[in-house]
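> quick one: sequence plus predicted model below, questions after.
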Amino acid sequence: MPFGPWPGASTSVNGVTGAVEIALQYRDFFSQDWQLPDAAFPDPVPGTLATVGGLRVVQLANGVTQGVSWTDTVPKGDIQQSGVDPGWARIYLTSAANVLPGAVKAVGLRLSWRTLYNNQPISGWATITLTDIAIPNSVDWQYDRQDFILGFGVGEIGTEKGAVIQFELSRIPPAAGVDLPGDLNLVRVGFRWTRLQQ
């Protein structure tokens, strides 16, 4: 299945006409990089680590909000938060239905994060509800993505250059459509930090 934007995601560079992407950092996170949530997380019920077809995955069930966590470092490059030529981030997911859905279904996801500031208390958690993923009647792997402007407004990721940032990705009921029955198998999360320049 070809790689493409999430349903409803921006097909331009965050809607900025004539902008050029300058990638500052990209990392992939797999099972060996993941932490299972506990009481310190907004969604404390962890997903289940499993092996599917020889691949180590985390399984996120329907009917209960389960999460998986990873830790990244915000690049020290020239990321501007909001304003002219804003920085932005993109999350990539590689996932599949665990069993044949029988028809097109949907998966809702929520992204939470907190920042470990230098010589300050750790920040509280902030969250964004992501665009639903459409799951076809297939158990094949699919690639999805969504973009975020860096800033402290609604729907934006606010943090500090060079800081450690902890994320949690949680499965929630979709905003529309029929929830995927059973587990969503997640094999990879990618995270890209980018600056826009006009």
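That came in fine, so what should we check first?
> please make it C-alpha for all contacts and neighbour counts, starting now.
Fine.
> ok, the residue of the chain positioned farthest from its centre to residue 130 distance?
Note on the chain: the largest C-alpha distance from the chain mean falls to residue 119, namely 27.5 Å (CA atoms, centre = their mean). As judged by CA to CA, to the nearest Å, residue 119 and residue 130 stand 31 Å apart.
> what is the distance between stretch 48-59 and the centre of its chain?
Distance, stretch centre to chain centre, for stretch 48-59: 18 Å (CA atoms, centre = their mean, to the nearest Å).
> ok, the residue nearest the centre of the chain - contacts?
The centre of the chain sits closest to residue 91, judged by CA atoms, centre = their mean, with a distance of 4.6 Å. Counting by CA atoms under 8 Å, 6 or more residues apart in numbering, residue 91 makes contact with 145-147, 189-192.
> buried residues, stretch 179-190. List them.
For stretch 179-190, burial by neighbour count (16 or more other CA atoms under 10 Å) applies to 179-189.
> just checking: what are the partner strands of the top strand by length along the chain?
If you go by DSSP state E, the chain has its longest strand at strand 183-197. When sheet partners are counted by DSSP bridges, strand 183-197 sits next to strand 20-29 (antiparallel), strand 55-61 (antiparallel), strand 87-97 (antiparallel).
> and the last one, what's buried?
Using 16+ other CA under 10 Å as the burial criterion, the residues of strand 87-97 that qualify are 87-89, 91-97.
> tell me the first helix or strand C-terminal of it.
Following strand 87-97 in sequence order, the next helix or strand is strand 105-116 (DSSP states H and E).
> list the buried residues of that next one.
For strand 105-116, burial by neighbour count (16+ other CA under 10 Å) applies to 105-116.
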